[in-house]
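Engineer: Give me a model of this one.
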Amino acid sequence: MSARIRLELSGMAHGGEALGRYEGKVYFVPFGIPGEAVEIEVTEDHGSYARGRIRQILTPSPERVSPPCPHFGACGGCHLQHIAYEAQLRYKTEIVRDQLRRIGRIENPPVRPAVPSPDPYGYRNHLQFSAAPDGRLGFQAMRSHQVVPIARCWIAHPMLQELYEALDIEGLPLRRLTLRCGVRTGDRMVIFETEGDEPPALETDLRVSLVLLTREEKAIPLIGLDYLTEEVGGVRFRISASSFFQTHTVVAEALVRQVVEWADLHGTEAVLDAYCGVGLFTAHLAPRARRVVGVEAHPAAAVDARHNLAAFPHVEIRSGTVEAVVPSLKEPFDVVVVDPPRAGCSREALEALLARSPRRWIYVSCDPATLARDARRLLDAGYQLVAVQPFDMFPQTYHIEAVALFVRP
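Structural biologist: As a prediction, this is how the structure comes out:
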């Protein structure tokens with residue numbers, strides 16, 4: 001029988017688990033809340049730290065609420081439905097601050113309170129389902145590759161939930177199924193990934209595009225188009241089946257406004273938008289800049305970006321990695337915007353960007369740990385961290401979007 005201990009939970013860790021200390025060891029506890037006293041069963045012991053499962057909540061937090069989703073706790077998609085939304089925002093703000101302190105070694109990081117989502121449920125414009133062995137669709141279980149079949153996803157936008165309920169895909173040899181929608185345009189797309197990249201036989205009377213995505217990420221339209229459109233800040237974007245786009249359209253607008261404000265453009269500046277994707281930030285920076293260069297490694301996203309920026313003759317989209325493309329750009333840039341993947345910027349990418357000597361550096365991050373690591377590198381290169389603004393792009397989950405402004409003195 002596993003050991004059971006009584007634990008006072010004292011904080012929230014990046015990753016969505018509460019933590020407490022017992023006899024000098026840190027215990028991570030999923031679905032706990034700081035301030036609670038709990039009895040846990042130790043499930044993992046790694047020497048310097050351990051992990052435990054709550055067996056009894058001895059003193060519940062006033063911030064504890066009843067999760068609306070019956071799959072919460074088994075499905076790995078959400079981590080914080082048991083915490084009142086205002087408290088989620090507070091914990092996320094503090095996690096960003098803590099990561100910058102511990103990893104970035106920034107004594108008093110200038111972190112603002114997180115910008116909330118207008119609706120903490122029903123916001124996601126993109127869902128990816130896995131297939132269980134019996135063919136039912138669902139999401140991967142918490143800390144497992146097992147699939148939890150799902151009837152309703154509470155964080156899915158209603159357009160996607162309606163589409164999901166209308167699907168009849170029994171018997172298809174699926175690996176994954178992705179649903180996407182344009183919240184502002186009404187576009188909807190179903191993306192099939194099959195075992196042998198074989199196109200399934202399909203028919204539909206819905207207004208929706210059906211696309212086969214191969215293992216090489218080649219998008220083959222089966223019915224309709226191989227892209228959808230979405231509108232952010234009055235600008236319409238084409239988004240191909242395999243291209244990344246922010247999952248929360250409304251919060252993405254707030255994110256764009258912050259980037260544009262911090263860029264502080266007056267029509268004379270050269271801007272470098274690294275990891276530009278389909279051009280979300282590029283399109284809003286272009287009307288305010290003399291020249292903009294976007295860099296994107298994903299081929300389909302680069303094609304989308306060229307389409308989305310075609311109206312701006314002073315915008316150039318370069319295909320390739322930041323490490324490969326930026327050293328070939330000989331001109332200086334006044335402002336650099338980066339929106340890297342979760343792993344952050346590689347050292348080579350940062351060095352290439354630093355060589356352009358921008359006066360302003362705007363870092364869009366989906367992982368506070370790699371933001372903190374890269375912030376330290378920028379500070380060591382002589383930049384000052386002016387402000388960090390978290391955005392709750394992913395309510396009910398531990399994921400945190402944040403934008404940081406660095407300036408050269």
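
Engineer: Does Glu44 touch Ala50 like I think?
Structural biologist: Yes: Glu44 lies in contact with Ala50 (CB atoms under 8 Å); the separation is 6.1 Å. For the C-beta atoms, the positions are set from N, CA and C on the backbone; glycine is no exception.

Engineer: Between the two, which has more neighbouring residues?
Structural biologist: A direct count of neighbours by other CB atoms under 10 Å for Glu44 and Ala50 places Ala50 higher, at 19 against 13.

Engineer: Helix, strand or coil: sort out the more buried one for me.
Structural biologist: When classified by DSSP: H, G, I helix; E, B strand; the rest coil, Ala50 comes out as strand.

Engineer: Please report how far it lies from Arg102.
Structural biologist: Distance, Ala50 to Arg102, using CB to CB, to the nearest Å: 20 Å.

Engineer: Can you list the low-confidence ranges for the stretch 51-200 of the chain?
Structural biologist: For the stretch 51-200 of the chain, no stretch has pLDDT under 70.

Engineer: could you pull out the strands for it?
Structural biologist: Secondary structure of the stretch 51-200 of the chain, counting by DSSP state E, counting those that start in this stretch: strands at 126-131, 137-140, 147-149, 174-181, 188-194.

Engineer: I'd like the ones you listed as a markdown table, with distance to Ile239 and mean neighbour count appended.
Structural biologist: Shown next, in a markdown table, are the strands of the stretch 51-200 of the chain (distance: least, CB to CB, whole Å; neighbours: other CB atoms under 10 Å):
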| stretch | distance to Ile239 | mean neighbour count |
| --- | --- | --- |
| strand 126-131 | 10 | 20 |
| strand 137-140 | 22 | 19 |
| strand 147-149 | 26 | 18 |
| strand 174-181 | 8 | 20 |
| strand 188-194 | 9 | 22 |
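
Engineer: Quick one: those strands as JSON lines, columns for distance to Arg318 too.
Structural biologist: Below are the strands of the stretch 51-200 of the chain laid out as JSON lines (distance: least, CB to CB, whole Å):
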{"stretch": "strand 126-131", "distance to Arg318": "26"}
{"stretch": "strand 137-140", "distance to Arg318": "35"}
{"stretch": "strand 147-149", "distance to Arg318": "39"}
{"stretch": "strand 174-181", "distance to Arg318": "26"}
{"stretch": "strand 188-194", "distance to Arg318": "27"}
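
Engineer: Which of these sits closest to Leu80?
Structural biologist: Proximity to Leu80 (CB to CB) singles out strand 137-140 among the strands of the stretch 51-200 of the chain, at 15.5 Å.

Engineer: partner strands of the closest one, parallel or antiparallel?
Structural biologist: strand 126-131 (antiparallel), strand 147-149 (antiparallel) (DSSP bridges).

Engineer: out of these, nearest to Arg21?
Structural biologist: strand 147-149 (31.7 Å).
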